[in-house]
Each structure stands twice: as C-alpha cells, then as structure tokens.
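Peer 1: here is the input, now give the coordinates:
(one chain, ligands or ions: 2)
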Amino acid sequence: MKNNRNTITICFTNNKGGSGKSTSCANLGYELSAAGKKVLLIDGDMQLNLSLSFFEEEKVLTMAESSRNLYYAIREKRDLAEYIISTDYQNLDLIPSSTLMSQVEYELFTMMQREFILKKCLHGIKSEGAYDYILIDAPPTLGAWVINILCASDYVIVPVEASPWGLFGLANMFDFLKELREVSDARIMGVLITKVDERKNYYRQTREILENYKEIHVFDSVIHVDSTVEWAQDASKPVAVYKKSARSAAEFKKLTEEVIGYGSR
Ligand SMILES: Nc1ncnc2c1ncn2[C@@H]1O[C@H](COP(=O)(O)OP(=O)(O)OP(=O)(O)O)[C@@H](O)[C@H]1O
Ligand SMILES: [Mg+2]
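Peer 2: Ligands and ions are numbered 1, 2, ... in the order given. Next up, the predicted model:
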C-alpha cells in the first residue's frame, strides 16, 4: 500500500572520527520516532555503532554475519526494503551493517554509476512513502561509499566535537561537499556541536569559528558531555529511554524540534 509521506533523508558525516555521528543519529532517530514520525535508520559503518545503539552485541554480530545486511544489499544492488528490521520502539526501524562494509569501496569500484548505488537501492522505500525520515550513519571517511551516502541524502548534519582538534579538517570537508554538488543534491542542514564540556572553554571558540562560515547553519542545540550517553550505549538504549531526566536526553529532544522545524525555516 502506498503511503503519502514525503521522505526526508539525512546523513551524519564528518571524516573526523569520534565527533558524535552515531550517537546523534541514534538519539535523533529515537526522538523523531517518539514525536510520532516514522523513521528508518541505516547503519552505514562497519563499526556497527548505530546497530549497537539498539541491539545487544550478540544480535548485532549475528546480523553482521548473516546475509541480511547493508553490505550484501549494496553488493547485489537489492531493494533495501528486504533488509529492514524492527527495533523495540514503535515507528523506528533499522537496516543493519556488516563488518564487511570495509570491502564496500572495492565492490563499488567496478560498478557503473557507482555514486548512485545506495540511492537506487533506496528508491523503492522512498517512493513507497512509508517513512518520514531516513537517517544514515556514515563512517569517518570520505571515499566512494560516503559519496554514495551523500548522493542518497537530502540533507547532511555535521556533528563537530567542541575540542581543540574538533574543527581540524572541517574546511576540507565543506569543500568536498561543495564539489559534490555536481552529483548530489544534499545540503548541509546544520553543524551540531557535541561533547561540550563546561569545565573547558572550547565551546565558545568552536561556535565563533563556525560562525565565520556564513552560509553554514549551526544548530542552536548543543550536546554536552554526559556520562549517561555512554551508559545508555552500554545498555543498547537511546538516552531518553535509559534515563529520561538526563541532560543529553533533553538536548536531543530540542535538536529534534529544530530538525522537524527546519522545513519551515
Ligand atoms: N555527549 C556525549 N557525552 C559523553 N560521551 C559521548 C557523547 N557523545 C558521544 N560520546 C562518546 O564519544 C565516542 C564517539 O561518539 P560517536 O561514536 O557517536 O562518534 P562517531 O563520530 O560516530 O565516531 P566514528 O567516527 O568512530 O564513527 C563514543 O564513545 C561515545 O560514547
Ligand atoms: Mg560512528
């Protein structure tokens, strides 16, 4: 049955490792679903962190070792609808990854129109209109696979850690995204400042530097360092489920409101 949702696809990209991509993707995904949006999460990284945010390690490894994961879907150019699994949460589904995703660059190399394989694999799901949002967690690289993720996305959220090296390489990444405009319609929705630690003063510095990029939106919401994030990940739960009163839970909820409101800006 055809639904009438206009699906918005957002990917989380930053070639700097550990900037908060997977954490933001998982918690924004959960909060969007809790706000009544129908959400599909795609774990695009061989580290399996997005899958681990919702499922225990044993189950994630079983999925990663089976043939029902993103790696095989891309290799065989299959309709991704066949690879969707439900999470414990209403309105929230996931396509799991595989440790074999490390080989996806090689698989893509020999394919025609290699930038658009993921986009084609997602075509059925998008035209079905079953989801309000598709969120894709990207690995910390900028190769052919990340280009695929960007070509399949409408928007990019760039999580940046408020730390001395958090901005290092960011200008290159913005240039890379600009160059990609020839093949990708993806636009930067916003930069999200993450892991803000009030005992250090990198936050102000980070925001000031980011504000020099006049054409790039910086979300008002920021995510502070919060040990609940790690406890929740250890329990394979979104922060808000693990501890509703956590500061970061409120921050991800606020970010979600900004993302939902983005279309009406
Ligand atoms: N707000 C936070 N407070 C405390 N720890 C955090 C917070 N956000 C993320 N972390 C921790 O920082 C680490 C990196 O976060 P995350 O995995 O989300 O980054 P990433 O950009 O996806 O990393 P990678 O580039 O390796 O994919 C993780 O161990 C996570 O638990
Ligand atoms: Mg990650």
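Peer 1: residues touching residue 194, list them.
Peer 2: 19, 20, 23, 24, 159, 160, 161, 162, 222, 223 (Cβ atoms under 8 Å, 6 or more residues apart in numbering). Backbone N, C-alpha and C define where each C-beta goes, glycine included.
Peer 1: out of those, list just those in helices.
Peer 2: 23, 24 (DSSP state H).
Peer 1: redo the contacts of residue 194 as a markdown table? Include distance to residue 214.
Peer 2: As requested, the contacts of residue 194 are exported to a markdown table (distance: Cβ to Cβ, whole Å):
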| residue | distance to residue 214 |
| --- | --- |
| 19 | 22 |
| 20 | 24 |
| 23 | 28 |
| 24 | 24 |
| 159 | 20 |
| 160 | 17 |
| 161 | 22 |
| 162 | 20 |
| 222 | 20 |
| 223 | 24 |
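Peer 1: now flag whichever of the contacts of residue 194 is closest to residue 106.
Peer 2: Using Cβ to Cβ, residue 19 comes nearest to residue 106 of the contacts of residue 194, at 26.0 Å.
Peer 1: distance check, that closest one against residue 254.
Peer 2: 19 Å (Cβ to Cβ, to the nearest Å).
Peer 1: which of the contacts of residue 194 are buried?
Peer 2: 19, 20, 23, 24, 159, 160, 161, 162, 222, 223 (16 or more other Cβ atoms under 10 Å).
Peer 1: between these, which is nearest ligand 1?
Peer 2: residue 23 (3.2 Å; Cβ to the nearest ligand atom).
Peer 1: residue 254 touches residue 224, doesn't it?
Peer 2: No: Residue 254 lies out of contact with residue 224 (Cβ atoms under 8 Å); the separation is 11.7 Å.
Peer 1: roughly how far does the residue in the stretch 101-250 of the chain that ligand 2 sits nearest to sit from ligand 1?
Peer 2: Nearest to ligand 2, among the residues of the stretch 101-250 of the chain, is residue 137, at 5.9 Å (Cβ to the ion). Applying Cβ to the nearest ligand atom, to the nearest Å, the value for residue 137 to ligand 1 is 7 Å.
Peer 1: try residue 34
Peer 2: On the measure of Cβ to the nearest ligand atom, residue 34 and ligand 1 end up 19 Å apart.
Peer 1: what sits against that residue?
Peer 2: Applying Cβ under 8 Å, 6+ apart, the residues near residue 34 are 89, 91, 240.
Peer 1: show me those that map onto strands.
Peer 2: Under the assignment DSSP state E, the contacts of residue 34 contribute nothing to strands.
Peer 1: just the ones of the residues you listed in helices?
Peer 2: Those of the contacts of residue 34 lying in helices (DSSP H): residue 240.
Peer 1: among the contacts of residue 34, which one sits closest to ligand 1?
Peer 2: residue 240 (13.2 Å).
Peer 1: what about the closest one, how many residues nearby?
Peer 2: For residue 240, the neighbour count with other Cβ atoms under 10 Å is 21.
Peer 1: appreciated, that's everything.
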